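Asks: okay, sequence plus prediction incoming.
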Amino acid sequence: MAGSEQSGPMIRASLNLIPEAPVEKMVDLAAYAEELGFGRCWVYDEGLATRDVYVTMTAIMLATDRIQVGPGITNAYTRHPGQTAAAIASLDEMSGGRAFLGLGAGGSLTLDPLAIPRDRPLETIRQAIVACRGLFAGETVDMEGPRFSLQSAHLDYSRPDIQIWLAGRGPRMLDLGGAVADGVLLDFIYKPSLGTYVERVRRGAERTGNQPEICYSTMIVTDERALEAVRPHMTYRLVDSPPDVREVLGIEDTDVAAIRSAMADGLGAAARLVPDEWVLPFVVSGTVEECSAELQQLMEAHGISEFKIPVYDMDNGRALLEITARTLESR
């Protein structure tokens, strides 16, 4: 990475920004990440909880030269996939080919305030990928989907090889990602289950002959500040976690209901209901050296090519990016 005597990380480094702060802060962090050698910047699309993802990504694109930028993630419920494809193609054209698309079903933080049910997520995401890929390729797309439709839809300013990434946790969603996506994002997975999640992606890929990349994302926790920064963002992840994971952690239905209720007063209020023992199994923690060793084991054991650090604490964002760079270089 920039400024280092070492050759840099053996895997691609990326960051994920959640636009809870003014856009100029997002731009500053993305530009600094580019200086450090990060290759990809994902930007959360959390509806009303954050600044608009496309405004934020446009500002980042204009302030950077090399880093790839895309939503991490957007969904097919709050935005029509045709409009999403047009926005991504426009960003890609403006930036000289640096845009990518991250898709997922969306979670409670995004959908609940808009009173949007997550109906038939697997089919909705499958058709969103098909629609966007067709539009990127310059095809005319007609489609009747469970949540959206297209009639003689066409883009004439895109390129066909814009990457489409899928983020998900369910077995069928991971299989879909392996089968049809260019990459699969595994975000804050319960670490003992990571191998199972990767295997589901691989099985989907083998079925179709696809060769998707895999990106693993979690927080690197080297101090109390990083732990407290991630705790609020474990709230919606925990309530959306698979039942078997909640059972192992001892999270009861009453706990889920209490967290959901508290989220109405903000993530900070809900975070008070999340103890350390529910957070630590999802993150990489310890000294920089210990985190580096654990990441090396996880990435090499599962053939993962990209690591993504989420930036929640904007005031401490530069320090977190530096720690991440050091952790990856220590490998």
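Replies: Structure's in. What do you need?
Asks: for residue 139, which non-adjacent residue is closest in space?
Replies: Excluding the flanking residues, the one nearest residue 139 by Cβ to Cβ, 6 or more residues apart in numbering is residue 154, at 7.4 Å. Yep, even glycine has a C-beta here, placed from its N, CA and C like the rest.
Asks: please state the mean pLDDT value computed over stretch 15-24.
Replies: Average pLDDT, stretch 15-24: 94.
Asks: for it, what is the distance to the chain centroid?
Replies: 13 Å (Cα atoms, centre = their mean, to the nearest Å).
Asks: can you pull the buried residues of it?
Replies: 15, 16, 17, 18, 19, 20, 21, 23 (16 or more other Cβ atoms under 10 Å).
Asks: check contacts around residue 21.
Replies: residue 314 (Cβ atoms under 8 Å, 6 or more residues apart in numbering).
Asks: list the buried residues in stretch 29-38.
Replies: Within stretch 29-38, the residues that count as buried by 16+ other Cβ under 10 Å are 29, 30, 32, 33, 34, 36, 37, 38.
Asks: the last one touches residue 14, doesn't it?
Replies: So the one you mean is residue 38. Yes. Residue 38 is within contact range of residue 14, at 5.8 Å (criterion: Cβ atoms under 8 Å).
Asks: was I right to think residue 66 contacts residue 34?
Replies: Yes. At 5.9 Å, residue 66 counts as touching residue 34 under the criterion of Cβ under 8 Å.
Asks: and the residue nearest to residue 139, what pLDDT?
Replies: For residue 154, the pLDDT comes out at 98.
Asks: can you redo the buried residues of stretch 29-38 as JSON lines with distance to residue 228, pLDDT and secondary structure?
Replies: Shown next, in JSON lines, are the buried residues of stretch 29-38 (distance: Cβ to Cβ, whole Å; pLDDT from 0 to 100; DSSP: H, G, I helix; E, B strand; the rest coil):
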{"residue": "29", "distance to residue 228": "19", "pLDDT": "98", "secondary structure": "helix"}
{"residue": "30", "distance to residue 228": "23", "pLDDT": "98", "secondary structure": "helix"}
{"residue": "32", "distance to residue 228": "22", "pLDDT": "98", "secondary structure": "helix"}
{"residue": "33", "distance to residue 228": "22", "pLDDT": "98", "secondary structure": "helix"}
{"residue": "34", "distance to residue 228": "27", "pLDDT": "98", "secondary structure": "helix"}
{"residue": "36", "distance to residue 228": "24", "pLDDT": "96", "secondary structure": "helix"}
{"residue": "37", "distance to residue 228": "28", "pLDDT": "96", "secondary structure": "coil"}
{"residue": "38", "distance to residue 228": "24", "pLDDT": "97", "secondary structure": "coil"}
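Asks: could those be laid out in TSV, adding distance to residue 314?
Replies: Shown next, in TSV, are the buried residues of stretch 29-38 (distance: Cβ to Cβ, whole Å):
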residue	distance to residue 314
29	7
30	12
32	12
33	13
34	17
36	16
37	21
38	16
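Asks: biggest separation within the residues you listed, which pair?
Replies: Farthest-apart pair in the buried residues of stretch 29-38 is 29 and 37; separation 14.3 Å (Cβ to Cβ).
Asks: over to residue 166. Which of the three states is it?
Replies: Assigned by DSSP: H, G, I helix; E, B strand; the rest coil, the conformation of residue 166 is strand.
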